[in-house]
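Q: Here is my input, please return the structure:
(one chain, ligands or ions: 2)
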Amino acid sequence: MNIKTLEDLFIHALSDVYSAEKQITRALPKMARAATDPELISAFQAHLEQTHGQIERIDKLVEVTENVKIKRMKCLAMEGLVEEGQEIIDEVEKGPVRDAGLIAAAQKVEHYEIATYGTLCALAGLLQYSEAKNLLAETLKEEKDTDIKLSKLATIKVNIAS
Ligand SMILES: [Fe+2]
Ligand SMILES: [Fe+2]
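A: Ligands and ions are numbered 1, 2, ... in the order given. Take a look at the predicted model:
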């Protein structure tokens, strides 16, 4: 039992999402290549750029927050979500139906991230890590905006195409 305090829990959740973001940077280029709709491709590419920034933001958080260091660990939930996206690529022929599946897979990723960053923001607040909280809130907003963007693409484009 290595997690005893809220600080420990914060570090655990932060290390988990750090691994998740790294996995996403490897998955998004594959998803972009697998997609057909140009707006969906550019949404994946734009979120890849954003994700690099989110990783840098976690590095910055570690720099500015005393006693917070990233532990080496693998986010197993993200491993599973990425696998589900790969399943769509393997099982669905390129085209609007695959695009719809890719959007669904990407939204599961966003929702996982929204839950995680929501928790991290709350913990940072409790621990009075004010700068960390601001950094986490910026990323949380990006994840929410991405989710909304994907929802719009799903309703406008993919539903018309199918
Ligand atoms: Fe992210
Ligand atoms: Fe994301």
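Q: The chain against ligand 1: which residues are in contact?
A: Those residues of the chain that sit near ligand 1, judged by Cβ under 5 Å from the ion, are 21, 51, 54, 113. No exception for glycine: its C-beta is placed from N, CA and C like everyone else's.
Q: Wait, Ile11 touches Glu66, no?
A: No. At 12.0 Å, Ile11 does not count as touching Glu66 under the criterion of Cβ atoms under 8 Å.
Q: quick one, which of the two is more surrounded?
A: Ile11 (21 against 5; other Cβ atoms under 10 Å).
Q: TSV for the residues of the chain next to ligand 1, including neighbour count and secondary structure?
A: Formatted as TSV, those follow (neighbours: other Cβ atoms under 10 Å; DSSP: H, G, I helix; E, B strand; the rest coil):
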residue	neighbour count	secondary structure
Glu21	21	helix
Thr51	23	helix
Gln54	26	helix
Glu113	25	helix
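Q: check those against ligand 2, which are close?
A: Glu113.
Q: What parts of this structure come near ligand 2?
A: By Cβ under 5 Å from the ion, the residues of the chain that approach ligand 2 are 113, 143.
Q: Send over stretch 97-105 as CSV, restricted to the C-alpha atoms.
A: Extracted C-alpha coordinates of stretch 97-105, given in CSV (Å, rounded to 0.1, in the frame of the first residue of the first chain):
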residue,chain,number,x,y,z
VAL,A,97,-19.0,4.0,-41.0
ARG,A,98,-15.3,3.7,-39.9
ASP,A,99,-15.3,7.4,-39.3
ALA,A,100,-18.3,7.1,-37.0
GLY,A,101,-16.6,4.3,-35.1
LEU,A,102,-13.4,6.4,-34.8
ILE,A,103,-15.3,9.3,-33.4
ALA,A,104,-17.0,7.0,-30.9
ALA,A,105,-13.6,5.6,-29.8
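Q: what's next to it, contact-wise?
A: Applying Cβ atoms under 8 Å, 6 or more residues apart in numbering, the external contacts of stretch 97-105 come out as 31, 34-37, 40, 81, 84-85, 88-89, 92, 150, 153-154, 157-158, 161-162.
Q: just the buried members of those?
A: Among the contacts of stretch 97-105, those classed as buried by 16 or more other Cβ atoms under 10 Å are 31, 34-35, 37, 40, 81, 85, 88-89, 92, 150, 153-154, 157-158.
Q: No further questions, thank you.
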